[in-house]
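[1] would you be able to build a 3D model of this:
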Amino acid sequence: MPHANSNTRNTTSNELPPCSRALSCQAANKNRPAVNPDGAVTQLLQDKLKLIEARMVELGELRHQLQQRLGQRCPLNP
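    This next block holds a predicted model:
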């Protein structure tokens, strides 16, 4: 049975110490344009609002179809 030595450790790029990961991230992000968090949140909320409004239109159409079916002799037939 091999003896595990606690003093030796295999380190991969995914196992960098926290300080090395932070420096690596800072170096990688240096060339990226700064992101405006307020603008990003605003855009996210605007996109979400568009989705909600589209869904409300779909639900309104479904409601109208169901109301028409309820007025029929047999509501199961479209």
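[2] which residues sit in contact with Leu51?
    Contacts for Leu51 (CB atoms under 8 Å, 6 or more residues apart in numbering) come out as none. In this view, the C-beta of every residue, glycine as well, is placed from N, C-alpha and C.
[3] neighbours around Ala40, how many?
    10 (other CB atoms under 10 Å).
[4] let me see the mean pLDDT of the helix or strand where it lies.
    Applying DSSP states H and E as the criterion places Ala40 in helix 37-70. The average pLDDT for helix 37-70 rounds to 95.
[5] and Leu23, what's its pLDDT?
    Leu23 carries a pLDDT value of 63.
[6] typed the wrong thing, it's Asn77
    On the pLDDT scale, Asn77 gets 75.
[7] helix/strand/coil for it?
    coil (DSSP: H, G, I helix; E, B strand; the rest coil).
[8] what number of residues lie near it?
    The burial count for Asn77: 7, using other CB under 10 Å.
[9] distance check, it against Arg69.
    In this view, Asn77 and Arg69 are 8 Å apart by CB to CB, to the nearest Å.
[10] also Met56?
    Taking CB to CB, one finds Met56 at 20 Å from Arg69.
[11] same check, this time on Ala40
    44 Å.
[12] repeat that for Leu45.
    When distance is defined by CB to CB, Leu45 is 36 Å away from Arg69.
[13] Val41 too?
    Computed as CB to CB, the Val41 to Arg69 distance reads 42 Å.
[14] neighbour count: the two, which is higher?
    Each of Val41 and Arg69 has its neighbours counted (other CB under 10 Å); Arg69 has more, 13 against 10.
[15] got phi/psi on the residue lying closest to the more buried one once chain neighbours are set aside?
    Spatial nearest neighbour of Arg69, chain neighbours left out: Pro75 (4.2 Å); criterion: CB to CB, 6 or more residues apart in numbering. Pro75 adopts backbone torsions of phi -60, psi -10, taken as degrees, to the nearest 10.
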